[in-house]
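Trainee: predicted structure and sequence below. I'll ask about it afterward.
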Amino acid sequence: MTFWTLIITAMLVGGGQTPAPPDLTGVWEMSVSGQEGTDTSIWTMEQHGEKLMIRFKDSEEEVEVEGTVQGDQVEWVLSKEFSGFSISSLYRGKVIDSDTIEGTFGIKSHALTPWKMTRRKSSSHG
């Protein structure tokens, strides 16, 4: 009886917990490869627990969106205006290590395009 009490206690204390999300705060470079080559863009993330604030800047505008981190999974939606229409792309990814995220994006679940993000190293020397 004591053996099973220990097993159940261990499961309740440590078995059901998800690991703390990795700290993704920083500047990231996203690479997307397509038929016409590789396109890169800069993304800035600020993480507070499982919440991500993400800023993306391209030649036309700067967009800020909110995303989530759950374990090693990240997700956010980026909406942009094209010719009067709003198009939303769902970004989903997996944290590979503290400096790499890989995933896909697309409109709903159609025509998913793979992407890879790498954390930019700080240029300050300390």
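Mentor: Cool, got the structure.
Trainee: Trp115 bridge partners, please.
Mentor: For Trp115, the beta-bridge partners are Gly103 (DSSP bridges).
Trainee: contacting residues around it?
Mentor: Trp115 makes contacts with 30-32, 91, 93, 102-105, as judged by CB atoms under 8 Å, 6 or more residues apart in numbering. In this view, the C-beta of every residue, glycine as well, is placed from N, C-alpha and C.
Trainee: try it again with 10 Å
Mentor: Trp115 makes contact with 30-33, 39, 41, 91-93, 101-105, according to CB atoms under 10 Å, 6 or more residues apart in numbering.
Trainee: from Glu64, how far out is Tyr91?
Mentor: 14 Å (CB to CB, to the nearest Å).
Trainee: going by residue numbers, what spans are strands in the chain?
Mentor: In the chain, the segments counted as strands under DSSP state E are 26-34, 37-48, 51-57, 62-70, 73-82, 85-97, 100-107, 110-119.
Trainee: dump those strands into CSV; add mean pLDDT as well.
Mentor: Shown next, in CSV, are the strands of the chain (pLDDT from 0 to 100):
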stretch, mean pLDDT
strand 26-34, 92
strand 37-48, 92
strand 51-57, 93
strand 62-70, 93
strand 73-82, 89
strand 85-97, 92
strand 100-107, 93
strand 110-119, 91
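Trainee: excluding its backbone neighbours, what's nearest the most centrally placed residue in the chain?
Mentor: Centre of the chain computed as the mean C-alpha position; nearest residue by CA atoms, centre = their mean is Val74, 3.6 Å away. Nearest residue to Val74, sequence neighbours excluded (CB to CB, 6 or more residues apart in numbering): Gly93, at 4.7 Å.
Trainee: if we can go back for a sec, quick one: buried ones out of the contacts of Trp115?
Mentor: Among these, those classed as buried by neighbour count (16 or more other CB atoms under 10 Å) are 30, 91-93, 101, 103-105.
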